[in-house]
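[1] sequence unknown, structure follows:
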């Protein structure tokens, strides 16, 4: 493998990892606040792909992008209000089953509305602009994805550490019941969590589908599972951990494809999950939780 090809694959891996990281942050935030694995998160990411397809039919891309982010946020918050909020005091398993049900509902709804045939993802001219650096050529989206991911995550961490809503989020993630007794508006905190997670999933979908050029009702299933693995790998509940996990999976997946093992690239993600759970169940940055008796 030549040096140019190696750099090309590295760029692709880092770009893919950036998109995974944005989606993984959504998983880790919802888990941190609600102790819920939001299995519908990958399907929200898939619906964002369809929103962009229809938004670009009648709107310029500069207007379509914010419209898609807002539509995805509305979908995420609506799911929380309808499917998760009524089960907040129910056993943990009930809300988990509800999340799986929402996932299948979105997949089947997308199949019914848009058919199972792949739909072409619209070209965003700015993101598809090709840049040539020596012998290396790549579209702007490849360069912008990791930079945008890191910038958004730094902004998110700053918000969580230095704002009132961020302080409320940290309090709720530590102790849900005590936060409620202290006067923190739990519904506001949870809604904000879903707003941020859904917005990041929408941005992730734009960056991810721009390179893949088609969307199907099941486009969110495998990326969603991989991003869940990324969140577990980094330590579920840890935002920097989710980002690191996303980049690790994106780079490893691309490396396997480059070495000719594309058949095993998906399986590798789940082997990595098993190894991590066997040797470090809390993930790379996760905190060990001590159950009080």
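    Everything's here; your move. Since the structure is predicted, the reported quantities are computational estimates derived from the model, not experimental observations.
[2] thought residue 276 was touching residue 231?
    No: using C-beta atoms under 8 Å, residue 276 is not in contact with residue 231; the gap is 11.2 Å. (Each C-beta comes from the backbone N, C-alpha and C, glycine too.)
[3] So which of these two has more stuff around it?
    residue 231 (34 against 20; other C-beta atoms under 10 Å).
[4] Could you pull out the buried residues of the strand or helix carrying the more buried one?
    Residue 231 is part of helix 221-234 when elements are defined by DSSP states H and E. In terms of neighbour count (16 or more other C-beta atoms under 10 Å), helix 221-234 has its buried residues at 221, 223-234.
[5] now swap in stretch 81-89 and tell me
    83-84, 87.
[6] now these as a markdown table including pLDDT, secondary structure and distance to residue 205?
    Formatted as a markdown table, these follow (pLDDT from 0 to 100; DSSP: H, G, I helix; E, B strand; the rest coil; distance: C-beta to C-beta, whole Å):
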| residue | pLDDT | secondary structure | distance to residue 205 |
| --- | --- | --- | --- |
| 83 | 91 | helix | 21 |
| 84 | 90 | helix | 21 |
| 87 | 87 | helix | 27 |
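[7] still on that earlier bit, next SSE downstream of the helix holding residue 231?
    helix 239-258.
[8] same for that following helix, what does it pack against?
    Applying 3 or more C-beta pairs under 8 Å, 6 or more residues apart in numbering; DSSP states H and E, we find helix 239-258 packed against helix 3-34, helix 140-162, helix 221-234, helix 265-279.
[9] what comes into contact with the helix-or-strand element of the chain with minimal mean pLDDT?
    One helix or strand of the chain scores below all others by mean pLDDT, DSSP states H and E: strand 130-133, with a mean of 77. Applying C-beta atoms under 8 Å, 6 or more residues apart in numbering, the contact partners of strand 130-133 are 137-140, 143.
[10] how about residue 94, what does it touch?
    With C-beta under 8 Å, 6+ apart, residue 94 has these contacts: residue 87.
[11] Three-state assignment for it, please.
    Classification of residue 94 by DSSP: H, G, I helix; E, B strand; the rest coil places it in helix.
[12] where does this structure dip in pLDDT?
    1, 286-293 (pLDDT under 70).
[13] JSON lines for the buried residues of helix 221-234, including distance to residue 65?
    JSON lines is the format used below for the buried residues of helix 221-234 (distance: C-beta to C-beta, whole Å):
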{"residue": "221", "distance to residue 65": "24"}
{"residue": "223", "distance to residue 65": "20"}
{"residue": "224", "distance to residue 65": "21"}
{"residue": "225", "distance to residue 65": "26"}
{"residue": "226", "distance to residue 65": "24"}
{"residue": "227", "distance to residue 65": "21"}
{"residue": "228", "distance to residue 65": "26"}
{"residue": "229", "distance to residue 65": "28"}
{"residue": "230", "distance to residue 65": "24"}
{"residue": "231", "distance to residue 65": "25"}
{"residue": "232", "distance to residue 65": "30"}
{"residue": "233", "distance to residue 65": "29"}
{"residue": "234", "distance to residue 65": "27"}
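[14] ok so, going back, which strands and helices lie in contact with the helix holding residue 231?
    helix 3-34, helix 41-58, helix 239-258, helix 265-279.
[15] could you list every residue that touches residue 82?
    Neighbours of residue 82 in contact, by C-beta under 8 Å, 6+ apart: none.
[16] How about the backbone phi and psi for residue 40?
    Dihedral pair for residue 40: phi -80, psi 0, per degrees, to the nearest 10.
[17] Then residue 120?
    Torsion angles, degrees, to the nearest 10, at residue 120: phi -70, psi 130.
[18] How about it: which residues does it bridge to?
    Residue 120 has these beta-bridge partners by DSSP bridges: residue 214.
[19] what's the burial count for it?
    Count around residue 120 with other C-beta under 10 Å applied: 9.
[20] And for residue 144?
    Residue 144: 17 neighbours (other C-beta under 10 Å).
[21] Surely it and residue 128 touch.
    No: taking contacts as C-beta under 8 Å, residue 144 lies outside contact range of residue 128: 11.3 Å.
[22] any idea how far residue 105 is from the residue lying closest to residue 211 once chain neighbours are set aside?
    Closest residue in space to residue 211, ignoring its immediate chain neighbours: residue 141 at 6.1 Å, by C-beta to C-beta, 6 or more residues apart in numbering. Separation of residue 141 from residue 105 (C-beta to C-beta, to the nearest Å) stands at 30 Å.
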